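Peer 1: With the input below, show me the fold.
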Amino acid sequence: MSPAADLGRVLCIITGASRGFGRAVARDLARLVQPGSALVLVARSGPDLRALQAELTESEAGRAGLKVEVVVADVGKVEGLEDILRTSKEAFYEDMDHILLINNAASLGDVSKYVRDFSDMSEVDSYLSLNVSSAMCLTARMLQAFPQHPGLRRSVVNVTSLCALQPFRSWALYCTGKAAREMMFKVLAEEEPDLRVLSYSPGPLDTDMQVEARSKTADQTIKKKFSGMFAQGQLLTCEASSAKLMKVLLDDKFTSGDHVDVYDN
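Peer 2: Take a look at the predicted model:
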């Protein structure tokens with residue numbers, strides 16, 4: 001089966017779209033959707049989102065009929081999810097043939113601590129709300145709002161990490177959140193056979209999160225590893241990793257629920 005030329009006439013929701021990997025994904029998707037598609041860009045940073053909206057609206061895709069909406073929201077809060085859902089419903093047209101949700105929003109958590117230091121339950125709850133509960137509840141709301149029917153393709157991407165599979169010392173919150181999300185999406189793939197579910201690991205990216213990792217990680221072995229990758233130019237650009245994700249989505253050969261890494265063949 002040859003890869004598709006585009007992703008169709010799609011409503012695409014991208015969380016964490018204002019910068020880094022989410023921003024690169026938004027730019028790539030704008031080039032791979034048919035006219036009449038809509039992007040709903042979600043993040044907490046209004047100025048960055050609106051700058052991206054203006055860029056995409058003025059692009060070739062925008063001039064060809066791509067609709068770009070922004071939602072300035074915290075996905076860890078119920079009102080944020082409600083805003084996303086309302087905007088997505090308003091952006092959807094009946095002749096769209098694809099719903100694509102990119103669960104990208106995430107935070108690193110406090111990597112200056114070890115497991116023995118997390119005695120404050122509210123701190124852990126807050127992290128899990130933003131990084132796990134929000135992804136589950138947003139995905140559920142989108143599935144309810146846009147139920148399966150003939151002619152409609154539905155896809156969900158979970159932006160994951162090697163940390164979902166391997167423990168990193170002093171990264172307990174991040175590893176826990178990524179592992180929990182990945183299992184949740186595996187369960188979703190089993191429950192919804194008509195849904196295309198992908199957990200995509202974008203690799204070590206040259207982003208603000210990497211700066212945080214190099215400067216604040218408590219475990220010195222992990223810290224030196226990331227510092228060394230940066231010094232030796234081994235970090236990936238967001239654009240290179242996003243291009244790989246686009247290829248995976250267009251080829252559409254993955255088994256629903258799979259973990260696919262940027263380095264996979």
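Peer 1: The chain: helices as residue ranges?
Peer 2: 20-31, 46-57, 60-63, 78-91, 121-128, 134-145, 172-191, 208-216, 220-231, 238-251 (DSSP state H).
Peer 1: Show me what the last one is packed against.
Peer 2: Translated: helix 238-251. helix 20-31, strand 153-159, strand 195-201 (3 or more Cβ pairs under 8 Å, 6 or more residues apart in numbering; DSSP states H and E). Every C-beta, even on glycine, is put in place using the N, C-alpha and C of the backbone.
Peer 1: And these: which comes nearest residue 237?
Peer 2: Closest approach to residue 237 among the helices and strands packed on helix 238-251 (Cβ to Cβ): helix 20-31, 7.9 Å.
Peer 1: Check which residues of the closest one are buried.
Peer 2: 20, 21, 22, 23, 24, 25, 26, 27, 28, 29, 30 (16 or more other Cβ atoms under 10 Å).
Peer 1: still on that earlier bit, nearest to residue 111, of the helices and strands packed on helix 238-251?
Peer 2: helix 20-31 (17.2 Å).
Peer 1: Residues contacting the closest one, please?
Peer 2: 7, 10, 12, 14-17, 39, 41, 43, 48, 52, 55-56, 59-62, 66, 68, 100, 102, 104-105, 159, 202, 205, 207-209, 237-239, 241-243, 245-246 (Cβ atoms under 8 Å, 6 or more residues apart in numbering).
Peer 1: Quick one: distance of it to the chain centre.
Peer 2: 10 Å (Cα atoms, centre = their mean, to the nearest Å).
Peer 1: Ok, stretch 220-239 next?
Peer 2: The chain centroid and the centroid of stretch 220-239 are separated by 21 Å under Cα atoms, centre = their mean.
Peer 1: Over to stretch 190-200?
Peer 2: 15 Å.
Peer 1: Do me a favour and average the pLDDT over stretch 168-184.
Peer 2: For stretch 168-184, the mean per-residue pLDDT is 98.
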